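1. Provided below are the primary sequence and the corresponding predicted coordinates.
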Amino acid sequence: MTTIDLGLPGLAGVPAADEPQKAKDYKSDQEVRWCPGCGDYVVLNAVQSFLPSLGLKRENIVFVSGIGCSSRFPYYMNTYGIHSIHGRAPAIATGLATARPDLSVWVVTGDGDALSIGGNHLIHTLRRNVNLKILLFNNRIYGLTKGQYSPTSETGKVTKSTPMGSLDYPFNPVSLALGAEATFVGRALDSDRKGLTEVLRQAAEHRGSALVEIYQNCPIFNDGAFDVLKEPGQAEQRLIPLEHGKPIRFGAEGEYGVVRSGFGALEVAKVEEVGEDALVVHDAHATDPSYAFALSRLSTQDLSHTVTGVFRSVRRETYDDLARAQVAEAREAKPTDLQSLLRGKDTWTVVG
Amino acid sequence: MSTSLDEGAAGSTPRPTRVTKLDRVVIRFAGDSGDGMQLTGDRFTSEAAAFGNDLSTMPNFPAEIRAPQGTIPGVSSFQVHFADYDILTPGDRPDVLVAMNPAALKANIADLPAGGILIVNTDEFVKRNLSKVGYDVSPLEDESLSQYQVYEVAMATLTQGALAETGLGKKDAERCKNMFALGLLSWMYHRPTEGTERFLREKFARKPEIAEANVLAFRAGWNYGETTEAFAVTYEVAPAKLNPGTYRQITGNTALAYGVVAAAEQSRLPVFLGTYPITPASDILHELSKLKHYNITTFQAEDEIAGIGAALGASYGGALGVTSTSGPGVALKSETIGLAVMTELPLVIIDVQRGGPSTGLPTKTEQADLLQALYGRNGESPVAVLAPQSPADCFAMALEAARIALTYRTPVFLLSDGAIANGSEPWLIPDVEDLPDLSVEFATEPNGADGAFLPYLRDPETLARAWAVPGTAGLQHRIGGLEKADGTGNISYDPDNHDRMVRLRQAKIDGITVPDLTVDDPSGKAKTLVLGWGSSYGPIGAACRRVRKLGHDVAQAHLRYLNPFPRNLGEVLSRYDKVVVPEMNLGQLALLLRAKYLVDAISYTKVAGLPFKAEELQGVLLDIAKGADAA
């Protein structure tokens, strides 16, 4: 059976496993060395538990990472992996994915790696739509360098490098990805195993670049950064889960919803005030990224609202498919003849 | 006259002119950046090649695409040296200067020796253009050019006249004046013309009226020479007596691209070129983009770093990763080169050197990246470094770079430079049957105890590690930039392991097999050795010939392998009393030779953005040779 038979276009060309797999098949023999309580453990477990459901040959899966705490991820996966250099994982993965259509390529990166030093590669990978799955672990802090502010830290953050408070205005990674017209953008919480797995599944099925932002707790340098999204009584008021084709509604009793507002913008409203019919029905497949962008703006840095789930999932041809098609087309159109290439058009012969 | 000349001058009545035979000629075409001088020079070169001359060329153009018209910074020139014997350089000075405007005259006249031929397009010598470059009086009207044979030709007017009936606008017609100049020079030097006419028709295939206008202008220039009485003499340079075989003309960048194609064929691996446009390396990308049918993927990345990153990613996947750039790009790629050293993956890094530091002189040549290639990274980060010595040599050296990268799983630097990249020369076309086999064996089976796979287990001979590509069942492993435990490749902070791995990586590079250095010492009595590397091969060789003609013994050797050096280099150096090292930098090779072989190398350096002149090196060598002879 091939992965096409499985109905997973994102994995077309990647050979399927002969036998069912278990999460432990994906655990490498290396000791996991993250700090106790790190959100990365949860994500690692979720990924190891989820991958068997794809039914791919393990040797055809590659994890590529940059530098940072999260970028140690490949060492713990019993697949192929390369732990590269700071910010460059999307570039390296682009070459790998283009050269090898039979691989499922995953990039593991963090907020510093992807959004600071590697910002350029991230946006260009997304606009090209290379068939890569990018897991962006966002803990809003530099962990491996021991606690400096990151491009997603809130303004005024007091850290070792900003004793008087940081001055930078933070990125909203989902808005950034949508601004680069990423074809798949999702967000999940490290603590929400079910939600995370669902976003990962959809990302894997997607053919093209998929950016999944994962809010991840750093217990050492930014502990509790996302606690308000996890506390009962708080979480329901703040989390806005998305489900394609369903009205966007949240709150403990479903008392809130999302409605249209002004020039293409969206806002949160009380359902009893606007009525159910006014609620926006989520359409992840909308071609125009403006809608998904408007959704991304509902999330605020102070987490008073945070949208989770799949913001956007649209089909667009991928760079790697197109690049391979050009090579295939050229190979079909022209036979190779190295000798005649070397000779060129104008030659002369010297007789001995 | 040959048949081809009569064909080119169809319709004209041959007028008897005196024919002078010459063994070599240097022509420099100079004009405004928009005048098409590069194309003109290129075509003249092709005509010389088709005729069977040996040749060598040197384009020289500004970094600005169109600097202000008619100004000195906007001057573009192309020098071609052609001869009836094997020559080594594009020539120090032109015998003939074609100046399309006052700026071109002013910028180049100092290089024309007394008695040289100067052909001037008088149409541009108007007050406005003259004052732009600081001529109060036209040099054509005072005595300042009296030491030259000056030919004043109203090229634009004559071209417009020739094209009057084509219906082409005045401006379009005027733009064909470079072909008029080419026609005139082709007549003067008895060049075959069919090639140029065919070329023009192909180049402008989509605009047949422009093609015909250019052909007409070309013929008008020819006929002008033939019919006007201004030119009493024409010149013949007989075909060169080169080694038997079939030749073509080739530039360094093209030869390099073909070398990469040949590497793809000979290794049976796909090639992945990850790159970012940069002068003077972009033509390698352009050329390879046209050759995708050789299983070549070209990726124009968002920056230099992504270019090499993608190339390394492709190598990790089992392709031959290649990146092409110039010095500033190498600076950006350094960290990824370090990763390639650590992960021990094949990677070819083409550095077409240009004037530095920083942006420097983008279109000018220099060879000041040697130490950057060798040492421009953090940590002990050894890589192989090769340097072609001429445009045609780029082909062989690209294949060598691929051989070393694939055999030893290492990044390999290929140091070309601006002079080689854009310069051209005849190339004895190799027989594909004779090209080396570069096939590689990927790891397919576990190589450790209990079915384990050890990615850093090395071949005892080459010290290359096992290369298992993703998709290979049972060999899943993780690599990366952190220090590796010997054998397993797992992360290791063990002090002894680090020391061992640093030395192993160095030993692998030191152990690369490269050919011995050969020395050219015709008399066998030389006490002085001239040792160069890279594009200075031509001028050094020409200078040595001149010095020998003057009765001095001098030996020449040229390094194409800079890391590792040829095994016999130390022994060669020890045979000579004096070792002279000319370089277009401040003595980088000399520094290495002194450090490694404790030899008191005499460093001669010039960093002018231009190749050495044979005359200049002749002077340097003469002074030293005289001293050595006397000793």
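-> The structure has been received and is ready for your questions.

2. tell me which residue is most central in chain B.
-> In chain B, the centroid-proximal residue (Cα atoms, centre = their mean) is residue B:420; its distance is 1.3 Å.

3. helix or strand for that residue, which one?
-> According to DSSP states H and E, residue B:420 maps onto helix B:418-422.

4. name the helices or strands packed onto that helix?
-> Packing contacts for helix B:418-422, counted by 3 or more Cβ pairs under 8 Å, 6 or more residues apart in numbering or on different chains; DSSP states H and E, involve strand B:54-60, helix B:252-267, strand B:347-353. C-beta here means a position set from N, CA and C on the backbone, and glycine is covered the same way.

5. buried deepest among the ones you listed, which one?
-> Most buried of the helices and strands packed on helix B:418-422, by mean neighbour count (mean count of other Cβ atoms under 10 Å in any protein chain shown): strand B:347-353, with a mean of 29.

6. distance from the chain centre to that one, please.
-> 13 Å (Cα atoms, centre = their mean, to the nearest Å).

7. do the same with stretch B:268-279
-> 18 Å.

8. okay, it in CSV with CA atoms only?
-> Written as CSV, here are the backbone C-alpha positions of stretch B:268-279 (Å, rounded to 0.1, in the frame of the first residue of the first chain):
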residue,chain,number,x,y,z
ARG,B,268,25.6,9.1,-11.6
LEU,B,269,24.3,11.4,-8.9
PRO,B,270,21.8,14.2,-9.2
VAL,B,271,23.5,17.6,-8.7
PHE,B,272,21.8,20.2,-6.6
LEU,B,273,23.1,23.7,-7.1
GLY,B,274,22.0,26.0,-4.2
THR,B,275,23.1,29.5,-4.9
TYR,B,276,22.4,33.2,-4.8
PRO,B,277,23.3,35.6,-7.6
ILE,B,278,26.7,37.4,-7.2
THR,B,279,29.2,38.9,-9.6
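
9. OK, contacts around residue 274?
-> If you meant another chain, say so; for now it's chain A. Contacts for residue A:274 (Cβ atoms under 8 Å, 6 or more residues apart in numbering or on different chains) come out as A:257, A:259.

10. should've been chain B
-> Counted by Cβ under 8 Å, 6+ apart, residue B:274 has contacts A:95, B:299, B:301, B:306-312, B:314, B:321-323.

11. next one: residue A:99 from residue B:341, what distance?
-> 21 Å (Cβ to Cβ, to the nearest Å).

12. now residue B:116
-> 52 Å.

13. between these two, which one's more packed in?
-> Per other Cβ atoms under 10 Å in any protein chain shown, whichever of residue B:116 and residue B:341 has more neighbours is residue B:341, with 22 against 19.

14. hang on, the earlier thing: so what's the residue nearest to the centre of chain B up against?
-> Residues near residue B:420 by Cβ under 8 Å, 6+ apart: B:252, B:352, B:365, B:388, B:390-391, B:393-394, B:534-535.

15. and if you look at residue B:555?
-> Going by Cβ under 8 Å, 6+ apart, residue B:555 touches B:519-521, B:526, B:528-530, B:576.

16. how about 6 Å then?
-> Residue B:555 makes contact with B:519, B:521, B:526, B:529 under the criterion Cβ atoms under 6 Å, 6 or more residues apart in numbering or on different chains.

17. who are the neighbours in contact with residue 331?
-> You didn't pick a chain, so chain A it is. If you count contacts by Cβ under 6 Å, 6+ apart, residue A:331 has them with residue B:293.

18. name the helix or strand for it, please.
-> Assigned by DSSP H and E, residue A:331 belongs to helix A:319-333.

19. tell me which residues of that helix are tucked away?
-> Residues A:319-321, A:323-324, A:327, A:330 are the ones in helix A:319-333 that count as buried (16 or more other Cβ atoms under 10 Å in any protein chain shown).

20. list, out of these, those positioned next to chain B.
-> Applying Cβ under 6 Å from any Cβ of the partner chain to the buried residues of helix A:319-333, one finds that A:323, A:327, A:330 fall near chain B.

21. neighbours of residue A:241, how many?
-> For residue A:241, the neighbour count with other Cβ under 10 Å is 17.

22. just checking, it touches residue A:309?
-> Yes. Counting by Cβ atoms under 6 Å, residue A:309 is a contact partner of residue A:241 at 5.2 Å.

23. and the residue lying closest to residue A:68 once chain neighbours are set aside, bridged to which residues?
-> Once flanking residues are discounted, residue A:68 sits nearest to residue A:110: 4.1 Å by Cβ to Cβ, 6 or more residues apart in numbering or on different chains. Beta-bridge pairing for residue A:110 (DSSP bridges): residue A:137.

24. how near is residue A:110 to residue A:167?
-> In terms of Cβ to Cβ, residue A:110 sits 21 Å off from residue A:167.

25. again with residue B:555
-> Applying Cβ to Cβ, the value for residue B:555 to residue A:167 is 65 Å.

26. quick check: residues of chain B near chain A?
-> Close to chain A, as judged by Cβ under 6 Å from any Cβ, chain B has residues B:50, B:52, B:242, B:244, B:246-248, B:265, B:272, B:274, B:292-294, B:297, B:302, B:306, B:309-314, B:316-317, B:319, B:335, B:339, B:429, B:432, B:470-473, B:476, B:478-481.

27. and these, which are buried?
-> For the residues of chain B next to chain A, a neighbour count by 16+ other Cβ under 10 Å gives the buried set as B:50, B:52, B:242, B:247-248, B:265, B:272, B:274, B:292-294, B:297, B:302, B:306, B:309-314, B:316-317, B:319, B:335, B:339, B:429, B:432, B:470-472, B:476, B:478-481.

28. return the residues in contact with residue A:185.
-> Contacts for residue A:185 (Cβ under 6 Å, 6+ apart) come out as A:174, A:177-178, A:211, A:311-312.

29. give me the element it is part of.
-> strand A:184-189.

30. show me what secondary structure element comes after that strand.
-> Going down the chain from strand A:184-189, the next helix or strand is helix A:193-205, by DSSP H and E.

31. domains in chain B, by residue range?
-> B:18-237, B:248-433, B:441-513, B:519-630 (automatic domain parsing).

32. need the distance between the two termini of the third one.
-> The one in question is domain B:441-513. Start and end residues of domain B:441-513 are separated by 19 Å (Cα to Cα, to the nearest Å).

33. cool, and the longest one?
-> With Cα to Cα as the measure, the first residue of domain B:18-237 is 14 Å from its last.

34. going along the chain, name the helices of the stretch 101-250 of chain A.
-> A:111-112, A:119-128, A:173-179, A:193-205, A:235-238 (DSSP state H, counting those that start in this stretch).

35. residue in the stretch 151-300 of chain B nearest to chain A?
-> Closest to chain A within the stretch 151-300 of chain B is residue B:244: 3.3 Å, counting by Cβ to the nearest Cβ.
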